[in-house]
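In: A structural model of the following input is requested.
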Amino acid sequence: MDPKTSFTSKLFDFEEVDLEDELDLELTRLYTEYREAVKEKSEIELHNYLQDKASVNENNLFQCLSFVNRDNFAAVLSKLHYLAIHIKFQQIKFGVKEQMFWLISELTSLNVQSIDNIYLCLLRQIKGGDITQPNILLCEQMLKLLITRRAWLDMYPRVIATVVYTFLRLIPDHRPTHLSGLQEKEVRFVVGLLREKWVACCSIGRDLIRALQDVSSIPEIGQLWDDMLNVPERLSPRFKGIDTILKQPTPKEYLWCRLTPDIEAKLLYILQNLPLGHYQRNLGWFLQRYLNGPESEPFFVDVIRFIVSGWYPSNQILQSDIVPRYVVIGSMLRAIKTDINLITPLEPAMLLMERSAERYPYISSIIMEFLKLSVDEYYPPMKDYMARCVSCGMQTMLSKGVIRSLMPIYKCLSQDDVTRECMRSLFGAFLKQDAASGIPIPQTQLLLETRPQRPPTNNDKVEESMLAEFSIPEITRQTDIIDQEEGEGEEGEIINDERPMDEGDDDDVDRYLYGDTEKEKEKLAEPSEKGETQAERGDVWDDDIFKDDTQLPEVAAVPQSADTTEDTTMGEVHLTEDAKEMPAEEPMNISRSDDVKELVENDKRHMDPVAAEKALEWHEGANSDAENEEECEDNEQATERMQSNQSYWIFGDALKRFQLSCSVVNAGKTGDNGEEYEAQMLRTKHSLKEILSVYLRMAIPAETLAPNVAPQIRSIASRLLLEHSHVVFEDEPTEDSVIQNSQNDPFDLLMVTFWNVKNTAALRDKMVRLIGCITHSSKKGRRHLVGMRWWMHIACRLDLQSKCGVISQESMKEIMGCYETFVGQGCGVDIERDHYIKQYIVEDLRMLAEHNILLFHTVVPWIYRLLPEMAIGNVDLLKIVVTMALPDQVGELVCMIHYGTIRLFGDSIDADFLMSSLEMNPFEVMSMWQIVAAELQGHPERVDVFFSTPDILRVFQAKLRSEIMPPLLAVLASIQPTKKLIEALVQITSTEKQGLDVKWQFVTAALNYWATITRESLQRCLSELVSSLLDAAESETDESNEEISQISSQVIKTLQTWWAPPYRCKETEIFSNDRNLLAKLSRLGIMVGQSCPKEWTQEARRKKRSIVLDLDDSE
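Out: All right, here's what the predicted structure looks like:
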């Protein structure tokens, strides 16, 4: 062996006499060539070289890959799986996807282990409700791959079932004519799988029936549907009928497969991380991104099915303030424009019904009617079986405390008779049981949901400011109501963390509304003078209480010991933070006759808290952490003033009786002190009546009296907020009737007194001043509680008067003026009064809408009619009106605007508000633009100004949605065209998608209407517009020549598009044959550099030739 040619083997330990191995030599040669090829090349150059070679020789390279494979392609599959499940799969380039599908096809031909997981991942990446080109191409690629590898598919039942379920849900999306070819392929493929692999497809469960029913109108699938119902043995000898599938729940895996990894990740982020008051922005973005447009509405079914049955919150989430599932579902339901049956599981639907019964009764009605329809007509042979299943589900929910009773829903005033009849048919036995058991029907339909036993936190309140910030409205706001769900423990056992609450817990609504603060907890934990903490007395929540299964202790003022709980007299009552025990009564000195004047001077300093504030905290929910301590301090200060200043002798003992009774009422009603509570409430109102009688007869300033009654009135109103939010007057209330009625509280008496004296100017002013002092003496929070109760009382009065037909416009105008007066009392010297009142009325009405939507709709028209300076053009108020309005309320407002009774926008419409309104859900967008159209219709000057405003034009240019086209076209149809209006309209059109997008459709639709109805006016306006543009373009001194050129180009493009298919019609031909107009347009196009059709130029030349001939003849 020549030593010069010898080499050291990398594979073997050769001796000098051994011959070289041929494989060793070949590998050595190739390795040497590789080293020479990569010498002095960068990494990017090497990557590009390998990429080029791989693209050209993919078959050869795959063959080489199979030669070197030693792990059954595990490394290759791991890379493919990473790409197939990636949340940004949609962003992968088309060429890369083509190579992926080719490689997957080749691996499938080799029957590589675990390749079926790649198929399942790719099926998930096909988005439902999406007919964009990338998604359609992905669907076609997947279908082609499955058809090509059909023999392999037959060996994997799980993949077969997933493919069938996926394409059954996709077939309805592909109904447009340009996708009919794809739909036919899908139908043939799916029907073939169903007929040949029916048993494997039955593993889908009852969702297979739902999916088949959605597409049963297609002939091929209709025949399959008929065989399944009437001749089941044709599908499989083992198949006994549709009832066997309907009794089989759908596994979660099939519900997961309809959500792409990207959609699932973003949806789970909302359900697992966002608190109840902060989810709206994210959910609004989610709906806008994935569920926006009519073609996306069938996809709502898959998303809600996933939320209801495909994912369950953990125990940790249930015990937190994370947004409950039913709230998200309710927001999604309100974003749907068409009537689609969505919810089948009872538990989330019943929670949604319960929370929506008062504020959104149409949601409760839809769910109940759908449930009744499903039982009666979905499959009549199994009607009785389905009815028993629904009844069993309701019995389970009632037994586990998901809802305590059906009676609050059944008795809700906003429910219609059809819904009640459905409830009687489905749940009649449970309604009888509830009535027999004497379950009280709360006046509010917002019941506190049973939840893990823990003390309320600051997160238990939902701030009104949070609810006002987003476009998607809330189902409920008082508490972070947790979705009832059975979680799974660490050892696999089923844990139900939620236990039914005692009926007495409804008295703790105030604590749920405003929450406990850390400071308050620390203060409550401090020992009292007797050496015991309030937790030991049973006055507060204690964390140790929740570690066992004992019943929740009542938050009451009654002292408790470790062993016994005894009845106590009034003198033995221990009061909570909201009501301290009154000191012993001291003899009163009535020797000074001028104490009233001195008292005024001493107490005026207590009544200017708002003027000292630099910024007003608008939101009622945004109370400070020390609010309860503030109320307590107010009570103590009032007591100290009564003791230190003997000028209160004029009220006798009425003030002291009032405060002592209020302390007991504020302590709450328990099972042991029910009669005492009612007696003290009666005594409270009797005492307040005496106080108000003295106040109205004597020269006592409101600033003097308010500090001694305001904390108690506000505190009781807050504690009884839920119970009194739906109290209505059957007859005209009087002072005596309010006192005797246990449903009325001291604030009701205050309002009745005001109403009785409203016709006497002096007394009315005194009552308004007192109400203002009660409102603004709260330094931090609860201001809007008084305003909300004011409007609630006025709305009840309006309802009573409307029944009698005696509503007085003058009287209502005076009442509106009284509201401005008492609200304006809190306006500081450095705050603009009108702006202050505008913001104040917004928050008052927001709180009213949250608690009683019916009364809100009663007062809104009157506010716009009689408080025009504060309401008209108030964008924040308009947002609430649009968010809360139902279709019938929108219709009423539109009619009132057409009558000329009210106006909502005024002379100008805020462009920023219009832009933000386009981000609302579709129904709210349609409602708002119906109101805009009502304000503009029939007013040519307003319409011209509206469309010509630059900011408005930018709104339409940036985002013109299909939902607002009908009201805008109705506006344009109500007036004659003008040159200014047509000039504004042509500027809306897009220069990129000529003739294709919504803007072009809108402008051409308006022109077509005018061409049909007012042809002469339109022809004249077009001629004037083109002539004015010619004059401006010919003027060399015109500084806006660039703007003129742009407008001229858009006019030419618009008319060119309008006169061409598909918009060309008989009416447009008249305009396109107007020689004078064509000649002007041709000249204008030459001047601004815009090309025109050839026939326009010919018409211009003919006209010019005719002019020359006329001149020759004249010579």
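
In: Now do the SS call for Leu904.
Out: coil (DSSP: H, G, I helix; E, B strand; the rest coil).

In: Outline the domain layout of this protein.
Out: Domain ranges of the chain: 22-56, 259-486+498-503, 517-549, 593-831, per automatic domain parsing.

In: Those: lowest mean pLDDT?
Out: When the domains of the chain are compared by mean pLDDT, domain 517-549 comes last with a mean of 37.

In: which residues in the stretch 1001-1115 of the chain form helices?
Out: With DSSP state H, counting those that start in this stretch, the ranges of helices along the stretch 1001-1115 of the chain come out as 1015-1034, 1041-1058, 1066-1072, 1075-1088, 1094-1114.

In: Sorry, slip of the keys, the one I care about is the stretch 351-500 of the chain.
Out: Under the criterion DSSP H, counting those that start in this stretch, helices of the stretch 351-500 of the chain are mapped to 361-377, 383-400, 407-410, 417-437, 464-469.

In: how long is stretch 988-997 end to end?
Out: End-to-end distance of stretch 988-997 (CA to CA, to the nearest Å): 11 Å.

In: Find the nearest non-adjacent residue to Ser777, please.
Out: In this structure, Ser777 finds its nearest non-sequential neighbour in Ala710, 4.6 Å apart by CB to CB, 6 or more residues apart in numbering. Just so you know, the C-beta spots here come from the backbone N, C-alpha and C atoms, and that holds for glycine as well.

In: Helix or strand: which one has the one you found?
Out: Using DSSP states H and E, Ala710 maps to helix 702-719.

In: Give me the helices and strands touching that helix, please.
Out: helix 509-514, helix 595-603, helix 627-644, helix 654-667, helix 674-697, helix 746-757, helix 761-776, helix 783-804 (3 or more CB pairs under 8 Å, 6 or more residues apart in numbering; DSSP states H and E).

In: what's the neighbour count on the closest residue to Leu193 other than its chain neighbours?
Out: Once flanking residues are discounted, Leu193 sits nearest to Val164: 5.4 Å by CB to CB, 6+ apart. For Val164, the neighbour count with other CB atoms under 10 Å is 25.

In: which residues touch Trp152?
Out: Applying CB atoms under 8 Å, 6 or more residues apart in numbering, one finds that Trp152 lies in contact with Thr108, Ser109, Asn111.

In: rerun that using 6 Å as the cut-off
Out: Trp152 is in contact with Thr108, counting by CB atoms under 6 Å, 6 or more residues apart in numbering.

In: Could you check how far the helix or strand hosting Phe299 is from the centre of its chain?
Out: Secondary structure from DSSP H and E places Phe299 in helix 297-305. Computed by CA atoms, centre = their mean, to the nearest Å, the chain-centroid distance of helix 297-305 equals 16 Å.

In: try stretch 880-894
Out: Here the centre of stretch 880-894 is set off from its chain's centre by 16 Å, with CA atoms, centre = their mean.

In: Endpoint to endpoint, that stretch covers what distance?
Out: By CA to CA, the extent of stretch 880-894 from end to end equals 16 Å.

In: ditto for stretch 960-975
Out: Using CA to CA, the two ends of stretch 960-975 sit 21 Å apart.

In: what sits up against it?
Out: With contacts defined as CB under 6 Å, 6+ apart, stretch 960-975 is touched by 918, 922, 925-926, 929-930, 933, 936-938, 940, 943, 998-999, 1002, 1005-1006, 1009.

In: Now do the buried residues in that stretch.
Out: Neighbour-count burial for stretch 960-975 flags Leu960, Arg961, Glu963, Ile964, Met965, Pro967, Leu968, Val971, Leu972, Ile975 (criterion: 16 or more other CB atoms under 10 Å).

In: and those as JSON lines, adding secondary structure, distance to Asp173 and pLDDT?
Out: Compiled in JSON lines, these are given as follows (DSSP: H, G, I helix; E, B strand; the rest coil; distance: CB to CB, whole Å; pLDDT from 0 to 100):
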{"residue": "Leu960", "secondary structure": "coil", "distance to Asp173": "25", "pLDDT": "81"}
{"residue": "Arg961", "secondary structure": "coil", "distance to Asp173": "21", "pLDDT": "81"}
{"residue": "Glu963", "secondary structure": "helix", "distance to Asp173": "20", "pLDDT": "83"}
{"residue": "Ile964", "secondary structure": "helix", "distance to Asp173": "25", "pLDDT": "84"}
{"residue": "Met965", "secondary structure": "helix", "distance to Asp173": "23", "pLDDT": "85"}
{"residue": "Pro967", "secondary structure": "helix", "distance to Asp173": "29", "pLDDT": "89"}
{"residue": "Leu968", "secondary structure": "helix", "distance to Asp173": "29", "pLDDT": "89"}
{"residue": "Val971", "secondary structure": "helix", "distance to Asp173": "34", "pLDDT": "88"}
{"residue": "Leu972", "secondary structure": "helix", "distance to Asp173": "34", "pLDDT": "89"}
{"residue": "Ile975", "secondary structure": "coil", "distance to Asp173": "40", "pLDDT": "88"}
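
In: Show me which residues of whatever helix or strand Ile263 lives in are buried.
Out: Element membership for Ile263, per DSSP H and E: helix 261-273. By 16+ other CB under 10 Å, the buried positions in helix 261-273 come out as Pro261, Asp262, Ile263, Glu264, Lys266, Leu267, Ile270, Leu271.

In: how far away is the nearest residue to the second one once chain neighbours are set aside from Thr775?
Out: In space, not counting the residues next to it along the chain, Asp262 is nearest to Ile87; the distance is 4.3 Å by CB to CB, 6+ apart. To Thr775, Ile87 is 51 Å away according to CB to CB, to the nearest Å.

In: These two: which is more packed in?
Out: Ranked by neighbour count (other CB under 10 Å), Ile87 and Thr775 place Thr775 first, with 26 against 14.

In: so how many other residues sit close to the closest residue to the more buried one other than its chain neighbours?
Out: In space, and not counting its chain neighbours, Thr775 is closest to Val786: 4.2 Å by CB to CB, 6+ apart. By the criterion of other CB under 10 Å, Val786 has 23 neighbours.

In: again, but for the one 5 residues further on
Out: For Trp791, the tally of surrounding residues (other CB under 10 Å) stands at 24.

In: surely it meets Val860?
Out: No. Between Trp791 and Val860 there is no contact under CB atoms under 6 Å: 9.6 Å.

In: sorry, back to before: list just the nearest of the buried residues of stretch 960-975 to Gly205.
Out: Relative to Gly205, the closest of those is Glu963; by CB to CB it sits at 36.6 Å.

In: mean confidence score for the helix or strand encompassing Trp152?
Out: Per DSSP H and E, Trp152 falls inside helix 150-153. Mean pLDDT, computed over helix 150-153, is 91.

In: What of stretch 1012-1032?
Out: Here the average pLDDT along stretch 1012-1032 is 85.

In: Need the contact partners of it.
Out: The contact list for stretch 1012-1032 (CB under 6 Å, 6+ apart) reads 976-979, 982-983, 1010-1011, 1038, 1044, 1048, 1067, 1077, 1080, 1084.
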